[in-house]
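Undergrad: Next input, structure requested:
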Amino acid sequence: MAEEEEKQAIDDTAEEPQVPPQAPPPITTAEESRDKQWPALLLYVLIALLIAVLVVFGGRWIYHKFSEKTPTTTAPAGNAPAKPGSATESQPNDSTTAPPTTSGTQTPSGSTTTTPDTGPGNIVAIFVGAGLAAAGLHFIYQLRRDARQL
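TA: Residues are numbered from 1 along each chain as shown. As a prediction, this is how the structure comes out:
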């Protein structure tokens, strides 16, 4: 019986297939991981642009909300309609008098217009200044952090 048990033990081990050891996962290169980062990078850029547009238009809306409702326009002296019986009608047209000059820009029709200062330029300047200040502070922080790690 000892022989039978020994044969059965040998048969049991012979029937079990030997499993090869598991191979470690393949090492990925930097190129493969960069390919997977493009969608996330594109999403981050689009979100940053959306936030920048919202900041600019939000600042513009706030500026217009708190600034005066109607812009004040002054008619240039040369374009004001003459009232009947006014002093300008009684004066003779002399070629020695010069026409009044204005500081506005001349349009092709001869009338003057001025561009109002609406303020979005100031908002953009603040936004750019804050961005540059944040970039500078981040650069200084990274330099100090890298110096501590050495």
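Undergrad: which secondary element of this structure has the worst mean pLDDT?
TA: helix 87-90 (a mean of 50; mean pLDDT, DSSP states H and E).
Undergrad: can you pull out the helices in this structure?
TA: Assigned by DSSP state H, the helices in the chain fall at 2-15, 30-66, 87-90, 120-149.
Undergrad: So which of the ones you listed is nearest residue 24?
TA: helix 30-66 (16.4 Å; Cβ to Cβ). From N, CA and C alone the C-beta is placed, and that goes for glycine too.
Undergrad: Check which helices and strands that closest one sits against.
TA: Applying 3 or more Cβ pairs under 8 Å, 6 or more residues apart in numbering; DSSP states H and E, one finds that helix 30-66 makes contact with helix 120-149.
Undergrad: So which elements touch the helix it packs on?
TA: Against helix 120-149 (3+ Cβ pairs under 8 Å, 6+ apart) you get helix 30-66.
Undergrad: coming back round to it: mean neighbour count and distance to residue 112 for the helices of the chain - can I get that in CSV?
TA: As requested, the helices of the chain are exported to CSV (neighbours: other Cβ atoms under 10 Å; distance: least, Cβ to Cβ, whole Å):
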stretch, mean neighbour count, distance to residue 112
helix 2-15, 9, 104
helix 30-66, 11, 25
helix 87-90, 8, 18
helix 120-149, 10, 22
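Undergrad: And the ones you listed, which one averages the lowest pLDDT?
TA: Mean pLDDT is lowest for helix 87-90 among the helices of the chain, at a mean of 50.
Undergrad: could you redo the helices of the chain as CSV and give each row distance to residue 24?
TA: Converted to CSV, these look like this (distance: least, Cβ to Cβ, whole Å):
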stretch, distance to residue 24
helix 2-15, 28
helix 30-66, 16
helix 87-90, 97
helix 120-149, 30
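Undergrad: for those helices, which one sits closest to residue 21?
TA: Here helix 2-15 is closest among those (Cβ to Cβ), at 18.5 Å.
Undergrad: Appreciated, that's everything.
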